[in-house]
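*Asks:* okay, predicted coordinates and the sequence, questions at the end:
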Amino acid sequence: MVLKNSMSQINLPKYYGILILTVVGFILRLVHIHEYSFWMDEGYTIVISTEFSFSEMIWVVLTADNHPPLYYIFMKLWFLIFPVNEISARNPSLIFGSLCIPGIFMLGKEISNEKTGYIAAFFLTFSAFHIRYSQEARMYSILTFFSIVAAYYFVKYIDGNHDVLNKFSLLILIALYLHVYSVFLLVAFNAIAYLQDKFNHDWIKHNSIIVSLYLPYVYFAIYRYFSIKNGFWIAKPNMTDIYFAVISYFYSADLMNLLLVMVIVNAIAVKHSELNSKNIQIVFVPVLFVLIVPYLFSYYFTPIFVDKYAIASSVFIFIGFGSIIQMTGKLRHMNLAFLLMFLLIVTPTISSLYSAGTYDNFKGAMDYIDAHAEPNQIMILNRGGLIINYLVDYYLDSNVTKMDYPVNTDPNGYRNSWDAQVNEDNAPLLLDYVDGYWGIWLVYIRRSDYYNLLLQALASKYVQVDHQYFSGIELYLFKIPE
């Protein structure tokens, strides 16, 4: 509904090009979407959305998750209507990821012109990074969509339309409750408003409303920040990670280098008088605050930088590249050749994305156990917890006995799967738990070196007869010597 007025102004025959790009983008995002196994993060989405009551879900997300609760609330409602499976769980990401294509076209058109919108939409359509997150049951493609539409109405406000501030406020608030990185985007918008002399009473009033409505979550965001400050999976970035983050949005260093050549050649040909400081600010400032500021904060303070968290910055990078490429008509034929080369390079890139699958191939691993399972066998999971057990149960059809190790002693059955660590003291005790079984499946999920202790423990009594690797998961089968 937020785009209703703008969409009503579109002359459909004139915009067949963007309709074609949207259809192509939808197809690219639909291909293989049902074939990939759920991985750990998607498992978290499903467990949180389906295995907890509404109040329990909100409390777990606020106290144990680094993301705001809106996406999980949406998915809980979604699963009340649709079944839990790979297609259904990923459909929201597919739909919003596809809508990002006409969205970025309209934003690029509003910032610069129609050609910029088309080029930016072209980049997003074939971005393997965006295709990937449109096929994942997480919030990133939905976040991108609301960031785009919020930016669209923000640009309209900068151009003098104060009537859109209510829409902007609602959209940026949705983005804020989808992901904490939207705070950086809101700061970027405030910086632009200040630079463009739009930091007036109306803007301050709407920002005050946004901040006041976001304050209830700020306490929990600060709490989570100090939790991850004491240790988290995000590593401190190095000096080249910012460059590789931009590369990741194109999913290929070759594509990135090609586009850099295009931009440099076109920038040289552009007259200085053709540059628009307002457009430069609207494109550059969000990239500065959403991508570069978190990177610098991670480098010098606490690591919080992940390229997918800063996915909204890719929108402005695409528009920035498109804006420069379209500025000169003298290089029209050369730019067309560049874009054809882009297509030639991007095709194998997207193909490699499809073949890579997901991080944790639970489906492949459990299918293999189903095909080779025999009576009196036990499966040992090196990491326990609700998520892993849910995903194993979801894909496993055979009646193999299943056990977490180290054994979960929590009477409520809940623990953080990353807290269960194998060590030199508890590894030998595994033999006591598997005594009486003639076959042991050892399932290593994102293994670390110290899990060799379990292999050594089993090898002292059993013979390893099989070893299979699936993305993120290793299987070992041990049997009693004959």
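*Replies:* The structure has been received and is ready for your questions. Numbers count the residues shown, from 1 in each chain.

*Asks:* what's in contact with stretch 238-245?
*Replies:* The contact list for stretch 238-245, computed with Cβ atoms under 8 Å, 6 or more residues apart in numbering, reads L291, I292, Y295, Y299, F305, D307, A310. All C-beta spots, glycine's among them, are computed from the backbone N, C-alpha and C.

*Asks:* in helices only, show me those residues.
*Replies:* Using DSSP state H, the members of the contacts of stretch 238-245 that fall in helices are Y295, Y299.

*Asks:* please pick the buried ones from the contacts of stretch 238-245.
*Replies:* The neighbour count (16 or more other Cβ atoms under 10 Å) marks L291, I292, Y295, F305, D307, A310 as buried among the contacts of stretch 238-245.

*Asks:* keep only those of the residues you listed that are in strands.
*Replies:* Counting by DSSP state E, no part of those is found in strands.

*Asks:* so which two of those are the farthest from each other?
*Replies:* The most widely separated members of the buried ones among the contacts of stretch 238-245, counting by Cβ to Cβ, are I292 and D307 (12.4 Å).

*Asks:* ok, and for stretch 346-362, which residues are buried?
*Replies:* So for stretch 346-362, counting by 16+ other Cβ under 10 Å, buried means V346, T349, I350, L353, Y354, G357, T358, Y359, D360, N361, F362.

*Asks:* skipping its backbone neighbours, what lies nearest the fourth one in space?
*Replies:* Spelled out, it's L353. Residue nearest to L353 in three dimensions, not counting chain neighbours: A128, with 4.5 Å by Cβ to Cβ, 6 or more residues apart in numbering.

*Asks:* burial check on that neighbour, number of neighbours?
*Replies:* Using other Cβ atoms under 10 Å, A128 has 22 neighbouring residues.

*Asks:* you'd agree it is up against T347?
*Replies:* No: judged on Cβ atoms under 8 Å, A128 makes no contact with T347 at a distance of 10.3 Å.

*Asks:* H67 should be in a strand, yeah?
*Replies:* No: using DSSP: H, G, I helix; E, B strand; the rest coil, the assignment for H67 is coil, not a strand.

*Asks:* what sits against the residue lying closest to it once chain neighbours are set aside?
*Replies:* Counting by Cβ to Cβ, 6+ apart, the nearest residue to H67 once its immediate chain neighbours are dropped is H179, at 5.9 Å. Residues in contact with H179 (Cβ under 8 Å, 6+ apart) are H67, P68, M139, Y140, L143, Y309.

*Asks:* same question for L178.
*Replies:* Per Cβ under 8 Å, 6+ apart, neighbours of L178: H67, P68, L70, Y71, M139, I142, L143, F146.

*Asks:* hmm, which two among the buried residues of stretch 346-362 are most spread apart?
*Replies:* V346 and F362 (29.4 Å).

*Asks:* per-domain residue ranges of this structure.
*Replies:* 4-356, 362-479 (automatic domain parsing).

*Asks:* okay if I get the ones you listed as TSV plus mean pLDDT?
*Replies:* Below are these laid out as TSV (pLDDT from 0 to 100):
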stretch	mean pLDDT
domain 4-356	89
domain 362-479	85
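
*Asks:* ok, which stretches of this structure are strands?
*Replies:* Listed in chain order, the strands of the chain (DSSP E) span 377-381, 401-404, 439-445, 463-470, 473-479.

*Asks:* which of these sits most buried?
*Replies:* Highest mean neighbour count among those (mean count of other Cβ atoms under 10 Å): strand 439-445, with a mean of 23.

*Asks:* in its sheet, what does that strand sit against?
*Replies:* Partners of strand 439-445 in the sheet, by DSSP bridges, are strand 377-381 (parallel), strand 473-479 (antiparallel).

*Asks:* give me the angle between that strand and strand 463-470.
*Replies:* 30 degrees (axes from the mean of the first three to the mean of the last three Cα atoms, to 10 degrees).
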